[in-house]
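Enquirer: Fold the following and give me the result.
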Amino acid sequence: MRRPGVRFFVIGPRLGWDQTHSPPKTMRVLIVDDEPSIRRTTRIAVESDGHTAVEAANAARAIKSAEEEGFDVAFVDVKLGADDGLELLNRMVKLRHAPAVVLFTAYANIATAVEAMRRGAFDFIPKPFTPDQIRAVLSKVAKAHSLERRVQALENDLASGLPPVDLESSEPSMVRAVEIAFKAAETDANILILGPSGTGKSVLAREVHKRSARREAAFVTVNCPSLSRELFESELFGHAKGSFTGAVAETSGKVAAADGGTLFLDEIGEMPLEIQPKLLRLLQEREYERVGEPLPRKADVRVIAATNRNLAEQVKSGRFREDLFYRLNVIAVTLPGLRDRPADLKRLAEGARRYFASRTGKAEVEFSPEVLAAFATYPWPGNLRELRNVIERAVILAPSKTIELADLPEEFAVERRPAMTVGARITLDELEAEHIRRILAASRNLDDAARALGIDPATLYRKRSKLGLL
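Expert: Sure, this is the predicted structure:
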């Protein structure tokens, strides 16, 4: 058992019962050859490796299938009867969802291989080939896809402009929450992360993924509040071309993108009720269907969900399915708000100060004692997100090497006005302004804040203008 104050940093990979490799990702494979026996042999090798395969005897059929269904890999014969495999390669690499194209032919030579690679082929296999050669190239494609996802994740982290992950704590409640999450990371159990907005639920979810056997695969986030009811199912599961107005091309969806990895459902309490049975099916049977396509698809995903709502209360009120709640609530982790982590506050603030100071070329800037005292008494309704925003603003605005109270937002100048509490001798406008300010600080965007306040975004925008909060 770790004691409060211990750091949760891991050097090198965490290997367990089967964690030396990430789970294999099921890929969709297109086999294009004019010889039925070659298509059949290739299909057997592909399916024996756990993937799904579709056959095409000519270029026209291959392009139609690739456009409508989408594939991860396409095996294409250079000699396709009346068709040219290299020309088909040219068309395939230009598709919106281009597969990795592997050419094979009985006419193998160096010149053909070089030309194929120049045109964008992933690999080249001479005939006759063995099933092991097919499986080997599929493994190479899977590793290449995994590397691409990891590079994209690193680029996203760098572009986010946020301080490095810090899950250290001296508060027993936080220490216990992280311990439970990291212990569960070593399994495929679903995890439900609870806590107020801005407490770092998405950060913890990503760290769980990094410590799991799926760390080499994708970590895909679905931000439930940002999706409209009409587009939620399509975004999550994908859709077929022509399945609804505006569906000009097929899309694979977030579930397919997370296959073999982790699907993070942020603020799952906002998920429309009619989508919940389909998510339940994914959790129970590892199956789903794209919008407009009755073909069941398989997906091997580990689900982590997060919410700032009381899902048990939503179950009682009929806004959340009870069976889905119990499926998600296998391992529950509750992150405390920043006001409940007083022992961590100064260290977190100093870490954010150093980060933003280095990014803005003001490495020598420091907090004044008055600022640290104000931080200690402020309730932090927006939690870690608000802390970062306040410190980034202060570092930028501070005219000297010391951050003073004047460099903080107005709400920190407590001596300028009475306490903003119900029953205090303040006007309704002042109380409303303070409430709206705190909700905005704790929310991701205007729509999220409007939902929390029980008003529409247009009304919130007008109130912000009236109260001078823009």
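
Enquirer: which SSE is Val208 in?
Expert: helix 201-210 (DSSP states H and E).

Enquirer: cool, Phe182 as well?
Expert: Under the assignment here (DSSP H and E), Phe182 is part of helix 172-185.

Enquirer: repeat for Asp188
Expert: Assigned by DSSP H and E, Asp188 falls outside every helix and strand.

Enquirer: How many residues are close by it?
Expert: 16 (other CB atoms under 10 Å). Every residue, glycine included, has its C-beta placed from N, CA and C.

Enquirer: From Arg149, how far off is it?
Expert: 19 Å (CB to CB, to the nearest Å).

Enquirer: can you list the residues that contact the helix or strand following the helix holding Phe182?
Expert: In the C-terminal direction, the helix or strand that comes right after helix 172-185 (DSSP H and E) is strand 191-194. By CB atoms under 8 Å, 6 or more residues apart in numbering, the residues outside strand 191-194 that reach it are 181, 184, 201, 204-205, 208, 303-308, 311, 328-335.

Enquirer: the domain parsing of this structure - what is it?
Expert: As assigned by automatic domain parsing, the chain contains the domains 28-142, 172-334, 337-414, 417-470.

Enquirer: Specify the stretch among these that is closest to Asp166.
Expert: When the domains of the chain are ranked by proximity to Asp166, the top entry is domain 337-414, at 5.8 Å, counting by CB to CB.

Enquirer: Run the chain-centre distance for the closest one.
Expert: In this view, domain 337-414 has its centroid 28 Å away from the chain centroid, taken as CA atoms, centre = their mean, to the nearest Å.

Enquirer: Got phi/psi on the most centrally placed residue in the chain?
Expert: The residue lying closest to the centre of the chain (CA atoms, centre = their mean) is Thr221, at 2.2 Å. Backbone torsions for Thr221, taken as degrees, to the nearest 10, come to phi -100, psi 130.

Enquirer: same deal with Ala56?
Expert: The main-chain torsion angles of Ala56 are listed as degrees, to the nearest 10 and equal phi -140, psi 140.

Enquirer: Tell me where the model's unsure across this structure.
Expert: Where the chain drops to pLDDT under 70, the residues are 1-25, 107-110, 152-164, 247-248, 413-425, 441-442, 444, 467-470.

Enquirer: taking the contacts of strand 191-194 one by one, which sit in strands?
Expert: Here DSSP state E is the test, and those give 303-307, 331-334 as lying in strands.

Enquirer: Give the PyMOL command for selecting the buried subset of those residues.
Expert: With 16 or more other CB atoms under 10 Å as the burial test, the buried ones among the ones in strands among the contacts of strand 191-194 are selected in PyMOL as follows:
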select buried, resi 303+304+305+306+307+331+333+334
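
Enquirer: okay, the ones in strands among the contacts of strand 191-194 in a markdown table with distance to Ser212 next?
Expert: As requested, the ones in strands among the contacts of strand 191-194 are arranged in a markdown table below (distance: CB to CB, whole Å):
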| residue | distance to Ser212 |
| --- | --- |
| Val303 | 12 |
| Ile304 | 10 |
| Ala305 | 15 |
| Ala306 | 16 |
| Thr307 | 21 |
| Ile331 | 12 |
| Ala332 | 18 |
| Val333 | 14 |
| Thr334 | 20 |
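
Enquirer: Check the ones in strands among the contacts of strand 191-194 and tell me the two furthest apart.
Expert: In these, two members sit farther apart than any others by CB to CB. They are Val303 and Thr334, at 18.0 Å.
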